[in-house]
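> Requesting a structural model of the entry that follows:
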Amino acid sequence: MKKYLLLFLISFLSMACKKAESEYDTYGYETECDECDINYVDDLGATVYVNGHKGTWKKDFPRSVFTEMKVTVTARQSNSNTVSAHIIKDGKRLVSKSGNSSVTVRHIVKSSGSTKPVSSICGAPTQKGGPCQRKVSGGGRCWQHK
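Alright, predicted model coming up:
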């Protein structure tokens, strides 16, 4: 009897953990190119630029809320090979596009109806030129960038 009770308890706890992990979708971007410039809309609606990237690039936004996603990949040389851009949800590609010089991929994220506050990254430009990596609750900017 104790063996069955222990087995039941373990299976119940594992189901509870899986439910908590799946409350939020993880969205992101993925690109491939020989040498390219990338710009994307982050989870706060700001456009972020990545210049002179080579190879595969990936950016995830765990526990973030999006209304619209957009990523553009532009080859630095006109005789460059194919460039590709993808919008990702929970590790799976939602929208993909490939081209010879430039591609743009867009996706409108439908609201899940959840009213729970979410955590995200501040994303404000820093003095070094990169985005601020402080976590903020409920979206927006951190205490320093308000």
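> Show me the strands in this protein, by range?
27-41, 47-61, 68-75, 83-89, 92-99, 102-108, 119-121, 135-137 (DSSP state E).
> For stretch 110-117, the averaged confidence score.
Averaged across stretch 110-117, the pLDDT comes to 57.
> tell me the centre residue of the chain?
For the chain, the residue sitting closest to the mean C-alpha position, by C-alpha atoms, centre = their mean, is residue 28 at 2.5 Å.
> what's near enough to touch the nearest residue in space to that one that is not next to it in sequence?
Nearest residue to residue 28 in three dimensions, chain neighbours excluded: residue 60, at 3.8 Å (C-beta to C-beta, 6 or more residues apart in numbering). From N, CA and C alone the C-beta is placed, and that goes for glycine too. Residue 60 sits next to 26-28, 88 when contact means C-beta atoms under 8 Å, 6 or more residues apart in numbering.
> same check, this time on residue 107
Applying C-beta under 8 Å, 6+ apart to residue 107 gives the contacts 68-70, 87, 94-95.
> about what we covered before: what sits opposite the residue nearest to the centre of the chain in the beta ladder?
Beta bridges link residue 28 to residue 60, residue 88 when assigned by DSSP bridges.
> Drop anything exposed from the contacts of residue 60.
27-28, 88 (16 or more other C-beta atoms under 10 Å).
> Quick one: these as CSV, columns for distance to residue 43 and pLDDT too.
Shown next, in CSV, are those (distance: C-beta to C-beta, whole Å; pLDDT from 0 to 100):
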residue, distance to residue 43, pLDDT
27, 8, 90
28, 10, 92
88, 13, 92
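> hang on, the earlier thing: can you say which of the contacts of residue 107 are buried?
In the contacts of residue 107, burial by neighbour count holds for 69-70, 87, counting by 16+ other C-beta under 10 Å.
> just these now: which is nearest residue 10?
Each of the buried ones among the contacts of residue 107 was checked against residue 10 using C-beta to C-beta; the closest is residue 87, at 36.8 Å.
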